[in-house]
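Participant: I would like the atomic coordinates for the input below:
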Amino acid sequence: MSCGGPLADESSSSAFPWPDGRLYGRRQAKPLRPRPQRLVTDLLPTLAVTPDHVGALIAAWEGRVWLEVGFGGGEHLAWQAARHPDTLMLGAEPFLNGVGKLLGLIEDQGLTNIRILHGDVRPLMAALPDQSVDRLFVLHPDPWPKKKHHKRRMISPAFLDQAARILPPGGHLRVSSDIPDYVRWTLMHIQRHNRREMTFRWTARRRRDWTVRPEDWPQTRYEAKALREGRSPAYLDFIRQPDGHPARG
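Facilitator: Model (predicted):
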């Protein structure tokens, strides 16, 4: 089914140094209902962002820019957009049904500061100007639990290299997961990245700093599902350090 708007050219992700070409699962589940289909056909083209013109979009925007990688049903992105109308909210999601849900929130709430990439985020990240994104969100990414699929996990050396490039000093990288192994994986990759240069500082000072969701971090459907099933999410917040900050040790 056509989404009615431009998609990211997934072949272009070969220029982005992730070792595997696919970091997500299915593109669509059940067919869209009439309203989401209408929104995908009519509204998405007016809000679509592509790697080719994201630089010009950011240059023309007078305010902050935040990016959410894999926004799911869009609850977090819409919540933040409503409370920060002067911030440009970029969201990337390959799952068409999730895009349809976010478009419904945009229409219902009259949000004007969201732009959407329906597709692979990697070409978009590669096209973003240096230090152009003030906050970067990766909330409940696909855990790819099988070891042979770990190379498909979003958090990786290549992702952190790009995150370090597009975030300015003082910018935030927020990651959440209810899978303990993915939490360890994230902290391990941050630590390894910091061995070269102290790029990301974890803000947590005590246990509640990463076990209690901050007030400016709304609940998503994935978090609600995890809590119903007895899993406790972790809320990880990292601050981009100034360039040249020496590694520990």
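Participant: CA only for contacts and neighbour counts going forward, please
Facilitator: Fine.
Participant: the helices in this structure, which residues?
Facilitator: Secondary structure of the chain (DSSP state H): helices at 34-42, 44-47, 54-60, 75-83, 96-109, 121-127, 157-166, 180-196, 208-211, 221-228.
Participant: which helices and strands sit right next to the first one?
Facilitator: Based on contacts counted as 3 or more C-alpha pairs under 8 Å, 6 or more residues apart in numbering; DSSP states H and E, the elements that helix 34-42 packs against are helix 96-109.
Participant: which stretch in the helices of the chain is the model least sure about?
Facilitator: Among the helices of the chain, helix 221-228 carries the lowest mean pLDDT, at a mean of 91.
Participant: hmm, who's touching that helix?
Facilitator: By C-alpha atoms under 8 Å, 6 or more residues apart in numbering, the list of residues contacting helix 221-228 from outside reads 73, 75, 140, 178, 232-233.
Participant: hang on, the earlier thing: so which of the helices of the chain gets nearest His149?
Facilitator: helix 180-196 (12.6 Å; C-alpha to C-alpha).
Participant: hey, C-alpha coordinates of that closest one in PDB?
Facilitator: Extracted C-alpha coordinates of helix 180-196, given in PDB (Å, rounded to 0.1, in the frame of the first residue of the first chain):
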ATOM      1  CA  PRO A 180      17.600  -5.300  31.000                       C
ATOM      2  CA  ASP A 181      20.000  -6.600  28.400                       C
ATOM      3  CA  TYR A 182      19.300  -3.600  26.200                       C
ATOM      4  CA  VAL A 183      19.900  -1.200  29.100                       C
ATOM      5  CA  ARG A 184      23.300  -2.900  29.700                       C
ATOM      6  CA  TRP A 185      24.000  -2.900  26.000                       C
ATOM      7  CA  THR A 186      23.400   0.900  25.900                       C
ATOM      8  CA  LEU A 187      25.500   1.700  28.900                       C
ATOM      9  CA  MET A 188      28.300  -0.600  27.500                       C
ATOM     10  CA  HIS A 189      28.300   1.200  24.200                       C
ATOM     11  CA  ILE A 190      28.300   4.600  25.800                       C
ATOM     12  CA  GLN A 191      31.300   3.500  28.000                       C
ATOM     13  CA  ARG A 192      33.200   2.200  25.000                       C
ATOM     14  CA  HIS A 193      32.500   5.400  23.000                       C
ATOM     15  CA  ASN A 194      33.800   7.500  25.900                       C
ATOM     16  CA  ARG A 195      37.100   5.600  26.000                       C
ATOM     17  CA  ARG A 196      38.100   7.600  22.900                       C
END
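Participant: Would you mind listing the buried residues in that helix?
Facilitator: For helix 180-196, a neighbour-count test (16 or more other C-alpha atoms under 10 Å) marks 182-183, 185-186, 190-191, 193-194 as buried.
Participant: just stretch 62-70 next, same as before
Facilitator: Buried residues in stretch 62-70 (16+ other C-alpha under 10 Å): 64-70.
Participant: next one: stretch 78-93
Facilitator: 78-82, 87-93.
Participant: Just the terminal-to-terminal distance for that stretch.
Facilitator: Start-to-end span of stretch 78-93 (C-alpha to C-alpha, to the nearest Å) is 14 Å.
Participant: Other residues contacting it?
Facilitator: Under C-alpha under 8 Å, 6+ apart, the answer for stretch 78-93 is 61-72, 77, 99, 102, 105-106, 109, 111-121, 218.
Participant: ok so, going back, would CSV of the buried residues of stretch 78-93 with distance to Pro34 be doable?
Facilitator: Listed next are the buried residues of stretch 78-93 as CSV, based on distance: C-alpha to C-alpha, whole Å:
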residue, distance to Pro34
Ala78, 21
Trp79, 24
Gln80, 27
Ala81, 25
Ala82, 25
Thr87, 31
Leu88, 28
Met89, 26
Leu90, 25
Gly91, 23
Ala92, 23
Glu93, 20
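Participant: With respect to Val54, which of those residues is nearest?
Facilitator: The closest of the buried residues of stretch 78-93, once distances to Val54 are taken by C-alpha to C-alpha, is Leu90, at 9.5 Å.
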